[in-house]
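K.L.:
Coordinates only, no sequence provided:
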Ligand code: SF4
């Protein structure tokens, strides 16, 4: 049903005329589809799998919990069907250049179409005029007016301060508080010697010890460097180990917090070590993101990565819809109908954008066979690391060389630049081939110095030097951008 009729907007955001057309065209299929919305995966599976086949259900529990943090009993049937098809029909893929490339490409597209990305500014509040959303207020007190506002955060933050309190009814607050969240997660990042990863290991491995619930001992290990060796130095693998962390965490920075972070890191390492016995001896770098780290960087409350659980009772249509109760305020993200995961939140974003197009009486975005294939599969042609000094610069090599930037949280390069240029932001855009966006950002943060005329203080403070004998060739890259890219 789903493959035959691809829909890329949430069911709540479909045009009434489109739903009606689909119903008239395939009434049986549509009726089945609607039934699927209200049935659990367990109910759906019991028709085909003996309810006594416990181990088989447990296997599917692991699959659904990896994608939705819910068991087969809790997961709405339609979501399980979508995720199983997605995994077995198309398969799982890794974006060349690391998952950072997904936002990079989105940024490229937004900037190409006249949009502006404003980073490192937190929104304090949504502004209203005559009951309609009319802009946002940033934490530094400045305001940005707008005809429409799209919110992409959690339901708890939205109703916990972003919308002024006086605009929220007590019933709504009660509902928000009643929502059961997904589990918090802990992520241990490691760079290890190549030899730590046994031959034949998959880029994604799931290690499960307890089968009867979503347990802290379930670890998913992503070894992206198997698919994309360019993301780390030769002879190295990078691993992200993700596990649920159900404990209550003390405040960040306290002694208890530090101890717990150490203990939790150790717990995850011990679990992975069972499969990769050489792991500990091969460690080159280790870093842990606790649930509170995740909250700090992503504003996911208590590090609960997937918003409210997508479980029967608070599933799909019972979640936030793209059209909010306030005019001109739209919502997308994992607190809305489609729930968590990149495909689901992408669909939710399209749904919100379509509602604005509909209000403006403009053509909405809908599924169509692509005229130009924009997704390229690189299975045979893996990205390789390039020589940072000797490789000649052109539009093909600049993205690869720029990929050597570590996108440091505190970029030494910017601090030593006489103009304080946003070198990190420029290199990130170059990596995704966003040349005009990179040039614009360079000019925006330039005060007086041309990179071509500068001695290159930035390179001497490049963090890359902490593990490599060569910095990112910033001066060469930025001089190339100054000369070769005209906007
Ligand atoms: S210091 Fe080096 S690695 Fe870090 S952001 Fe700047 S160029 Fe990138």
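P.N.:
Everything's here; your move. Only a predicted model underlies this, so the values are computations on that prediction, with no experimental measurement involved.

K.L.:
Report the contact partners of residue 70.
P.N.:
64, 309, 310, 311 (C-beta atoms under 8 Å, 6 or more residues apart in numbering). The C-beta positions use only the backbone N, C-alpha and C, and glycine is treated the same way.

K.L.:
And stretch 349-356, how far out from the chain middle?
P.N.:
19 Å (C-alpha atoms, centre = their mean, to the nearest Å).

K.L.:
any chance you could map the helices in the stretch 251-400 of the chain?
P.N.:
255-273, 291-298, 342-359, 397-402 (DSSP state H, counting those that start in this stretch).

K.L.:
Which of these sits closest to the ligand?
P.N.:
Ranking the helices of the stretch 251-400 of the chain by proximity to the ligand (C-beta to the nearest ligand atom) places helix 397-402 first, at 9.0 Å.

K.L.:
Now mean neighbour count and mean pLDDT too, for the helices of the stretch 251-400 of the chain, in CSV please.
P.N.:
Output for these, formatted as CSV (neighbours: other C-beta atoms under 10 Å; pLDDT from 0 to 100):
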stretch, mean neighbour count, mean pLDDT
helix 255-273, 15, 96
helix 291-298, 18, 96
helix 342-359, 19, 92
helix 397-402, 20, 95
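
K.L.:
Buried by neighbour count, from the contacts of residue 70: which ones?
P.N.:
Neighbour-count burial (16 or more other C-beta atoms under 10 Å) is assigned, among these, to 64, 309, 310, 311.

K.L.:
And these, which two are furthest apart?
P.N.:
Spatially, the most separated pair among the buried ones among the contacts of residue 70 is 64 and 309, at 11.3 Å (C-beta to C-beta).

K.L.:
residues in contact with the residue of the stretch 1-150 of the chain found nearest the ligand?
P.N.:
Here the stretch 1-150 of the chain gets closest to the ligand at one residue, residue 100, 12.5 Å apart by C-beta to the nearest ligand atom. Shown in contact with residue 100 (C-beta under 8 Å, 6+ apart): 407, 428.

K.L.:
if I read this right, residue 323 contacts residue 355, doesn't it?
P.N.:
Yes: with contact defined as C-beta atoms under 8 Å, residue 323 counts as touching residue 355 (5.6 Å).

K.L.:
Find residues that contact each of the two.
P.N.:
When contacts are counted by C-beta under 8 Å, 6+ apart, the set common to residue 323 and residue 355 consists of 13, 330.

K.L.:
So which bits of the protein are right by the ligand?
P.N.:
Applying C-beta under 6 Å from any ligand atom, one finds that the chain approaches the ligand through 405-408, 411-413, 423-424, 427, 462-464, 472, 474.

K.L.:
Now restrict these to buried residues only.
P.N.:
Buried among those (16+ other C-beta under 10 Å): 405-406, 411-413, 423-424, 427, 462-464, 472, 474.

K.L.:
check which helix or strand covers residue 31.
P.N.:
Per DSSP states H and E, residue 31 falls inside helix 27-37.

K.L.:
What residues sit buried inside that helix?
P.N.:
Neighbour-count burial for helix 27-37 [16+ other C-beta under 10 Å]: 30, 33, 36.

K.L.:
Now the last one. Nearest residue, chain neighbours left out?
P.N.:
Meaning residue 36. Once flanking residues are discounted, residue 36 sits nearest to residue 78: 4.4 Å by C-beta to C-beta, 6 or more residues apart in numbering.

K.L.:
Where do the helices of the stretch 51-200 of the chain begin and end?
P.N.:
54-68, 77-85, 101-112, 155-157, 170-178.

K.L.:
Let's have the ones you listed in a markdown table, adding distance to residue 230 and mean pLDDT.
P.N.:
Putting the helices of the stretch 51-200 of the chain into a markdown table (distance: least, C-beta to C-beta, whole Å; pLDDT from 0 to 100) gives the following:
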| stretch | distance to residue 230 | mean pLDDT |
| --- | --- | --- |
| helix 54-68 | 27 | 84 |
| helix 77-85 | 29 | 82 |
| helix 101-112 | 12 | 95 |
| helix 155-157 | 36 | 97 |
| helix 170-178 | 44 | 95 |
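
K.L.:
Among these, which comes closest to residue 317?
P.N.:
helix 77-85 (10.9 Å).

K.L.:
Contact partners for the closest residue to residue 70 other than its chain neighbours?
P.N.:
Counting by C-beta to C-beta, 6+ apart, residue 311 is the residue found nearest to residue 70 once chain neighbours are left out, at 4.9 Å. Taking C-beta under 8 Å, 6+ apart, we find residue 311 in contact with 70, 74, 75, 76, 180.

K.L.:
Done for today, thanks.
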